[in-house]
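1. okay, predicted coordinates and the sequence, questions at the end:
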Amino acid sequence: METKIIAVILSCMDCRLHDPDAGIIMQLRDILGADAVYLPSVAGPDGSIIKGGPGKEKIVSDIQIAVDGGASIVGTLSHYDCKGYPVSDEEHRIATVRASKELGESLERYDGQPVSLVARPRKKDEDFQYTWVVEKISVH
Ligand SMILES: [Zn+2]
């Protein structure tokens with residue numbers, strides 16, 4: 001039996017990201033080379049992790065379930081224009097990398113390198129299939 005590659009990516013509850021036209025799952029599958037993607041969602045994923053506290057604990061506990069269930073890829077997907085964590089685009093990128101790192105360190109039985117991703121709305125003149133563009137951010 002072929003082993004499926006499963007990812008668990010902490011995302012935002014923003015309805016625009018979950019609209020089929022946003023193609024978030026399809027893009028994540030392509031970018032991560034995953035067969036399936038868990039998409040647990042909160043208001044402002046990057047901010048929720050780096051602020052810590054009970055919010056972070058609940059997220060880590062949920063993601064741990066996916067990891068224990070066989071997810072081998074873990075990460076954070078933030079997005080621009082986020083009402084749950086209203087900071088600048090650049091601050092989102094920095095916070096997302098930090099959140100992914102903290103998430104990876106908070107999990108048990110996970111020794112992978114967490115991925116950081118950000119989604120931005122497609123520009124009007126952009127020839128792209130979906131309404132949101134997901135980009136993988138490198139850790140510097
Ligand atoms: Zn948001």
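-> Thanks, I have the structure now. Residues are numbered from 1 along each chain as shown.
2. which residues of this structure lie near the ion?
-> Contact residues (CB under 5 Å from the ion) of the chain with the ion: 12, 14, 82, 84. Heads up, the C-betas are built off the backbone N, CA and C, glycines and all.
3. now intersect those with the strands, please.
-> Judged by DSSP state E, the residues of the chain next to the ion include residue 12 as members of strands.
4. where does the chain have low pLDDT?
-> 1, 139-140 (pLDDT under 70).
5. for the residue lying closest to residue 33 once chain neighbours are set aside, give me its contacts.
-> Nearest non-adjacent residue to residue 33, counting by CB to CB, 6 or more residues apart in numbering: residue 5, 6.3 Å away. Applying CB atoms under 8 Å, 6 or more residues apart in numbering, one finds that residue 5 lies in contact with 32, 33, 34, 35, 36, 72, 73.
6. any idea how many residues pack against the third one?
-> Residues within reach of residue 34, counting by other CB atoms under 10 Å, total 20.
7. equivalent analysis for the fourth one, please.
-> Other residues within reach of residue 35 by the criterion other CB under 10 Å amount to 12.
8. isn't it up against residue 25?
-> No - the pair residue 35 and residue 25 fails to qualify as a contact (CB atoms under 8 Å) at a distance of 11.3 Å.
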